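> Structural data only, the sequence is not supplied:
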């Protein structure tokens, strides 16, 4: 059963197509990743799904309710952990949770039980009475997550929840997310960190310039790439004959020339490399750099878009 | 409605938690009142016994209005701070009706202004022996009208300015300017006619005229209903424009 259905979704801001025609479904109990660089359209997608922004066109249904027709029903079914630390720095953790809990209509008695539960979950029990302004970045992020869980949502959206976080807090957040998912919570997770998407997500949609350019389980995305990417910088552009000969070498699935370098997709990077170097030597082509990329989502992204994921 | 109450209580809680609030709302206004009273108390010629007038009869309501404006307009500026911090967005995507969200904040701002004026008059009566006149109802109504007008001015300013960096300098300028010409620092009726005319565009002038008539001149409700009416109207215009121009989301 799908918890989220997005069909042909567009969102324009003036001339900018922030979301440029995307479709996907998120199944119940799934951790679905949206992976892409800053400005790819991840936050805009979340803004539409949480009813903050109206789509320019297309359809989005969350927990059985259309975001445009029944925004209130959507709001009650979801939890959102925004990219910003949306907390009151002058209040302590319990006070922040109490205030947002009331805004989410959590009955008073249940709220008073829920607050310690959530503080325990995110490991802030000892700091419950401390003002949030004195928290570390990681503690703020953890409380930010707890606030998103107040309304006991069946679908949780997390927008880059680990930005600026120490490794310990990051692990704690991962463990929280995995534990919540085990209990049946469906999760949408956006990030520009490859390792996070690989580690956490059942399926990953790679976004770039408002579009989804690939959507599969991380393992399949990587497998489709072969086992290695090789980048070789050249002083002069190669001619078509050379490109043809390179492509016909064993172990090589494809080769393209862009940004002054050759990008090879290979079956086996090590074996392919020998052949490539041999051929380039033979034809006296001058190399300026050589790079072998590990087969991971990062190399998938570079291969798909021709650019780095991180700034 | 219940959420509007929560929202308002939350705003008041935030004020209590703000360590600087006690400085801005209590220590500074009272200290300035005392200092101004002591400096200028001896300059007016005759003592209180001779004229029946005391410098504090002017300074206390004057600073009450000025600091109420500071309190209310800085709380209004807090809306822009919340927008920047992301808490405003988080509330917009929670199941809170928009009017409860904004309404709760406005109710809290109104109460903060009211608290500020009441505090100043209490201190004025107990510490500085200010005369409160013979019309408590008049005093109450002019105070409520002043808080309404100030709160409404706040939502208008927040809607027009929209930038957190600009709001504090601009509101400070407006408060100091209108306090100077509106009679917060010096009685309006003792100013040149031209200044008195210009001062009519400020809410301070109407509030101070009302307070002066009730306290210094010992007038009754009948003497200040115009001032009250103008303040209510002033508030209604600012409120209407403010709500019309207010943006819940930044485009």
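Looks like it arrived, so ask away. Worth saying up front: this structure is predicted, and the values here are computed from it rather than measured.

> Can you tell me the SS state at the nearest residue to residue B:207 once chain neighbours are set aside?
Ranked by C-beta to C-beta, 6 or more residues apart in numbering or on different chains and with sequence neighbours excluded, the top spatial neighbour of residue B:207 is residue B:146, at 4.3 Å. Where C-beta positions appear, they are placed from N, C-alpha and C, glycine not excepted. Recorded secondary structure, residue B:146: helix (DSSP: H, G, I helix; E, B strand; the rest coil).

> so who does residue B:146 touch?
B:65, B:68, B:113, B:117, B:203, B:207, B:210, B:231 (C-beta atoms under 8 Å, 6 or more residues apart in numbering or on different chains).

> List the buried residues of stretch B:74-81.
By neighbour count, and taking 16 or more other C-beta atoms under 10 Å in any protein chain shown as the criterion, the buried residues in stretch B:74-81 are B:74-80.

> now that stretch: mean pLDDT?
Averaging pLDDT along stretch B:74-81 gives 94.

> what sits up against that stretch?
If you take C-beta under 8 Å, 6+ apart as the criterion, stretch B:74-81 is touched by B:11, B:14-15, B:24, B:88, B:105, B:108-109, B:112, B:151, B:154-155, B:157-158, B:161-164, B:167-168, B:171.

> Leaving out sequence neighbours, find the closest residue to the residue of the stretch 1-150 of chain B at minimum distance from chain A.
Nearest residue of the stretch 1-150 of chain B to chain A: residue B:86, at 3.0 Å (C-beta to the nearest C-beta). Take residue B:86 and drop its neighbours on the chain: the residue closest to it by C-beta to C-beta, 6+ apart is residue A:84, 3.0 Å away.

> Equivalent analysis for residue A:198, please.
Setting aside the residues directly before and after it, residue A:198 is nearest to residue A:218 in space (C-beta to C-beta, 6+ apart), at 4.7 Å.

> mind listing what that neighbour touches?
Residue A:218 makes contact with A:33, A:197-198, A:201, A:203-204, A:297, according to C-beta under 8 Å, 6+ apart.

> Could you dump those residues into JSON lines with secondary structure, distance to residue A:109 and neighbour count added?
Below are these laid out as JSON lines (DSSP: H, G, I helix; E, B strand; the rest coil; distance: C-beta to C-beta, whole Å; neighbours: other C-beta atoms under 10 Å in any protein chain shown):
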{"residue": "A:33", "secondary structure": "strand", "distance to residue A:109": "37", "neighbour count": "29"}
{"residue": "A:197", "secondary structure": "helix", "distance to residue A:109": "39", "neighbour count": "27"}
{"residue": "A:198", "secondary structure": "helix", "distance to residue A:109": "42", "neighbour count": "20"}
{"residue": "A:201", "secondary structure": "coil", "distance to residue A:109": "36", "neighbour count": "22"}
{"residue": "A:203", "secondary structure": "strand", "distance to residue A:109": "39", "neighbour count": "19"}
{"residue": "A:204", "secondary structure": "strand", "distance to residue A:109": "41", "neighbour count": "28"}
{"residue": "A:297", "secondary structure": "helix", "distance to residue A:109": "45", "neighbour count": "25"}
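
> and of these, the nearest to chain B?
The shortest approach to chain B among these belongs to residue A:33, at 21.0 Å (C-beta to the nearest C-beta).

> Enumerate the beta-bridge partners assigned to that closest one.
Following DSSP bridges, residue A:33 is listed with bridge partners residue A:189, residue A:204.

> picking that back up, out of the contacts of stretch B:74-81, which are close to chain A?
Among the contacts of stretch B:74-81, the residues that sit close to chain A (C-beta under 8 Å from any C-beta of the partner chain) are residue B:14.

> May I see the ChimeraX selection of the buried members of the contacts of stretch B:74-81?
Command for ChimeraX, covering only those of the contacts of stretch B:74-81 found buried under the criterion 16+ other C-beta under 10 Å:
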select /B:11,14,15,88,105,108,109,112,151,154,155,157,158,161,164,167,171
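
> Could you list the residues of chain B in contact with chain A?
Counting by C-beta under 8 Å from any C-beta, the residues of chain B near chain A are B:3, B:6, B:10, B:13-14, B:17-18, B:85-87, B:89-96, B:249, B:251.
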